[in-house]
Structures are given as C-alpha cells and as structure tokens.
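Asker: what's the 3D shape of this:
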Amino acid sequence: MLKLARRQRYREGLEIIQRFNRKYGPVNEILIQKAFFLYHYAAYLMYDHTQASKKKALIRQNFEQAINICKLLIKKLHNIDDRNLLNVRIYLAQIYAMIGRSKEAKNIARLTFNYCPSTLTAERAADVHLRLNDLHRAIFWYRKSIKLAKQIDEKVMAQIGLAVMYKQMGKTVVATRQARIASTLLKQADKSMGITLLGESLHAHFPNLDES
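Answerer: Just a heads-up that it's a prediction; the model follows:
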C-alpha cells in the first residue's frame, strides 16, 4: 500500500481497500488506510490545476468520507499512545486545514500535541498552520519540534521547515542562518536515503547556501 501511495496510485489503493472491507469488514487498520488514501487522493486532485475544477464533487466527497472515518475512529480508539489514533488525529487536522476549517484544524493540532507532545505532533501542527498561512504560529511549532527532536533526521526536517518559514516571510538573513544550522546537522548525520532527501530539499530551497 505504501508503494501505491508513493506512486500516487490512490484509486488503485482504494479499490484494494474496498475489496478487503467486503471480505473482512471494517477493520480499524484498514479504515485508517482508507482515510489516508481518500485524503491524499483528494489533495492530489485539488492541487492539480488540470483536475481541480473538473473533480470538485469527487474532491469534496473524498474529504468528507475521510473526515467521517477519522471521527469514527477517534470515538473507537482511546489510547493516545496508539500510533493509529495519533495518525487519525493528524489526518483530521490536516484535512480541516486544507478545506479552510481553520479553527477546527488548529484546535485538533493543539490538542493532539497536548495529548502526545513530541517532535512529530509539533511538526504536524506546524504543517497545519502553514496550510492556513499562519506563518508565525508555524514557526512557533517548528521551534517546538526542533527542541523535542531525538533523532537527527527529525531535527533536520524541523530545522528546514523553520528556515523555509522565515524565507516565505521575507526574512532572508534569518532564513539563511537557520538553513546553515540545518546544513551543519546534515554533515553530522550518517548517510541514509532519508538524510539524502532532506539534503536535496534544503538545497532546493536554498540553492546558494554554500556560497553565502
């Protein structure tokens, strides 16, 4: 399923999930997968300018289905340490942000962090505020994510996010300073696919970093 998502083959993934549901019923883990694919398929269509205007009904339908699944699972799952519940709450906050329900998006992101304070929930809260164009609060959450990061790749990801936020705000000097911190962390990290991709992301946003 992960390979299908990475290749943006969302319809195929949803068809597989539907066949599984017919055979085994509404298993929680499969419902979570369904919410994930519905959410990402809707987002994919929404951001594709060639599809967005023609697929409005499908986009709305997919988001609504994903929201309903997330709400259902939040009622069923009670242990916030359960990664499934954490993912569902994160999906719901991001969906609300994407469809402009800002108050609900921010509230769920904040509560999720309060329930489970970690670099992941802080970084996702930053993403929610970024989607809502609330850059100052996105910076607040990226700083929290950096502070809580236990792994170097987590710290680098949040550090890049922080640098990009300052760049979007037009604060070039601060953005470059934060990008240099990310670059230094990258040099200290063991090489892996994840670290390589983070390095590519940093230099895509700051192509002249080594020259500055």
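Asker: in the protein, which residue is closest to the centre?
Answerer: By Cα atoms, centre = their mean, the chain has its centre lying nearest to residue 124, at 5.5 Å.
Asker: which residues are contacting the one helix or strand residue 40 maps to?
Answerer: Assessed by DSSP states H and E, residue 40 sits inside helix 28-47. Under the criterion Cβ atoms under 8 Å, 6 or more residues apart in numbering, residues 1, 5, 8, 10-11, 13-14, 17, 20-21, 24, 51-52, 55, 58-60, 62-63, 65-66, 69-70, 72-73, 76-77, 84, 87-88, 91, 94-95, 98 lie in contact with helix 28-47. In this view, the C-beta of every residue, glycine as well, is placed from N, C-alpha and C.
Asker: Can you turn the buried part of those into a PyMOL selection?
Answerer: Buried subset of these, written as a PyMOL selection, criterion 16 or more other Cβ atoms under 10 Å:
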select buried, resi 10+13+14+17+55+59+62+63+65+66+69+70+73+77+87+88+91+94+95+98
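Asker: Please state the offset of stretch 205-212 from the chain centre?
Answerer: Distance of stretch 205-212 from the chain centroid (Cα atoms, centre = their mean, to the nearest Å) equals 26 Å.
Asker: Begin at 430, not 1, for the rest of this chat.
Answerer: Right, with 430 as the first residue, what we last looked at is stretch 634-641.
Asker: what about that stretch, average pLDDT?
Answerer: Mean pLDDT, stretch 634-641: 79.
Asker: re earlier: pretty sure the residue nearest to the centre of the chain contacts residue 519?
Answerer: Yes. Assessed by Cβ atoms under 8 Å, residue 553 is found in contact with residue 519 at 4.8 Å.
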